[in-house]
Structure formats: structure tokens, C-alpha cells
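K.L.:
no sequence on this one, just coordinates:
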């Protein structure tokens, strides 16, 4: 019994704390508000809607008069809105080696870049990439398909955000 009297204070100190003794959880801190995405101005949205693919002749990287006209219209809008960025994607039809078609697709994309630079668009606003024959619009092996696959397409970005839209599906 004497041992029980001596053990009682030890047992009482080993009991779990009451719920009231538990410290409250830390306060919830609100995350900083996310930056609002800029609204795309109507002329930029119009440019994105009307941006045309640029097509090329067989084994060529020269811009046609139709291609130049489309690029002139879009360069004017790009001059007005400096937040627009373009990725120009060059493509080729399936004829030729993979290496050749990658090089030809790059020449086509670079021709578009040079044209836009000549219209006063800064190099920091355009970049080019080639997909060669790897992303055909039409996979058939006929001339009408080849004509559709010899092209440059565009991915339009606004204010550094993800692409708004472009001629790429």
C-alpha cells in the first residue's frame, strides 16, 4: 500500500493532457492572390484567328506573294502589340530523307523569321523550329497532300503566357 502511495504521483504526471491543454493549430495564412491573366486585345485575337499558314513549293523555301501578304498583316499587329511572341514551325512533305526534310523545314521557318525581322519585329519575339516530315497535315502520298504538308505554321503567345492559339491544331 505504501508503494501505491509513492507511485500515485508518478501515475498522475504520466496521464495525457486534457484537450484544453493542447495548443490551437497555427492560423491559416491566405496564399497571395494569383496574378490576373491579361485580356487579349481584339486585334491580337483577330490576328490569331486569321493567321494563315505559309505554303511553299516543292523543294523550296521562298515565300509566295500570298505568304508575304499574310506576314505583312500580322507584322503590323505585332508592331502595335509588343507582348506577342511567335514560334514558327517549318514542315516538309515525306519525299526526301529525314535529315533533308528537317533541314528544309528549318529553311522554311527561317525564311518566315527573316521576313518578319525585315518588317521590324525583334528577334527576341520569334523563334523557329523544324519538324520536317514528322507532323503531316495530310498523310496520303499524293500531290494535294504534299502541297498541304510543305508549310510553316505558327504558335502565338501573348505576354509570355501559354500559347493563345495558332495555325497548329
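P.N.:
Arrived safely. Remember, it's a predicted structure, so these values are computed and weren't measured experimentally.
K.L.:
Do I have it right that residue 133 meets residue 151?
P.N.:
No - at 11.7 Å, residue 133 and residue 151 do not qualify as touching, with contact defined as Cβ atoms under 8 Å. C-betas here are computed from N, CA, C, even on glycine.
K.L.:
Neighbour count for the two, which is higher?
P.N.:
residue 151 (23 against 20; other Cβ atoms under 10 Å).
K.L.:
which one is residue 85 nearest to, not counting chain neighbours?
P.N.:
Nearest non-adjacent residue to residue 85, counting by Cβ to Cβ, 6 or more residues apart in numbering: residue 157, 4.3 Å away.
K.L.:
After the lowest-mean-pLDDT helix or strand in the chain, which helix or strand is next?
P.N.:
None of the helices or strands of the chain scores lower by mean pLDDT, DSSP states H and E than helix 2-13, at a mean of 52. Sequence-wise, the next helix or strand downstream of helix 2-13 (DSSP states H and E) is helix 42-50.
K.L.:
so what does that following helix touch, helix or strand wise?
P.N.:
Applying 3 or more Cβ pairs under 8 Å, 6 or more residues apart in numbering; DSSP states H and E, one finds that helix 42-50 makes contact with helix 65-80, strand 151-158, strand 163-166.
K.L.:
can you count the residues close to the residue lying closest to residue 83 once chain neighbours are set aside?
P.N.:
Among residues not flanking residue 83 along the chain, residue 159 sits closest, at 4.4 Å (Cβ to Cβ, 6+ apart). When counting by other Cβ under 10 Å, one arrives at 15 neighbours for residue 159.
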